[in-house]
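Student: This is a predicted model, with the sequence first.
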Amino acid sequence: MATQRVYVSGKVQGVGYRDYMVRKAREHGVVGWVRNTRDGRVEMLASGEDDALAAFVEASRGGPMLCRVDNVEAHPDSEKPAKGFTKRFTA
């Protein structure tokens, strides 16, 4: 299993983006969490098999109809999330 920390910028807060990514995580069998950041981005920590994680990161480039993704940054991370994929409070 691999883990990546993903930052997504654009119009990604207040448009249902976190709920969208929770659904995508479940579709791809990825565990972790998603939260808004105070600087307007969305941050995610995701773990899964390499193919599933790659598909999840690719899905982060999309989103619900009202969102606009301008940039996705994904970096390997050593933190291991708990089971499931959850929304967290803003950090």
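Tutor: Sure, I can see it.
Student: Pull up the gap between Gly62 and Val8, please.
Tutor: From Gly62 across to Val8, the span is 10 Å (CB to CB, to the nearest Å). Every C-beta, even on glycine, is put in place using the N, C-alpha and C of the backbone.
Student: if you count what's nearby, which of the two comes out ahead?
Tutor: Neighbour totals were compared for Gly62 and Val8, and Val8 leads with 25 against 12 (other CB atoms under 10 Å).
Student: who's in contact with that one?
Tutor: Tyr17, Arg41, Val42, Glu43, Met44, Ser60, Val69, Asn71, Val72, Glu73 (CB atoms under 8 Å, 6 or more residues apart in numbering).
Student: Which positions are bridged to the residue nearest to Arg41 when sequence neighbours are not counted in the beta structure?
Tutor: Nearest non-adjacent residue to Arg41, counting by CB to CB, 6 or more residues apart in numbering: Ser9, 4.7 Å away. Beta-bridge partners recorded for Ser9 (DSSP bridges): Asn71.
Student: Now do the contacts for Ser9.
Tutor: So Ser9 contacts Gly40, Arg41, Val69, Asp70, Asn71 (CB under 8 Å, 6+ apart).
Student: and if you look at Pro64?
Tutor: Val15, Gly16, Tyr17, Asp19, Tyr20.
Student: Are we agreed that Asp19 is in a strand?
Tutor: No - counting by DSSP: H, G, I helix; E, B strand; the rest coil, Asp19 falls outside a strand, being helix.
Student: so how far is Ser60 from it?
Tutor: For Asp19 relative to Ser60 (CB to CB), the value is 13 Å.
Student: More neighbours: which of the two?
Tutor: Applying other CB under 10 Å to Asp19 and Ser60 shows that Ser60 carries more neighbours, namely 23 against 13.
Student: quick one: the strands in this structure?
Tutor: Assigned by DSSP state E, the chain shows strands spanning 2-11, 31-36, 42-48, 68-76, 85-87.
Student: Which one of those strands lies nearest to Ala25?
Tutor: Using CB to CB as the measure, strand 85-87 is the one of the strands of the chain that comes nearest Ala25, at 3.6 Å.
Student: The closest one - contacts with which helices or strands?
Tutor: helix 17-28, strand 31-36 (3 or more CB pairs under 8 Å, 6 or more residues apart in numbering; DSSP states H and E).
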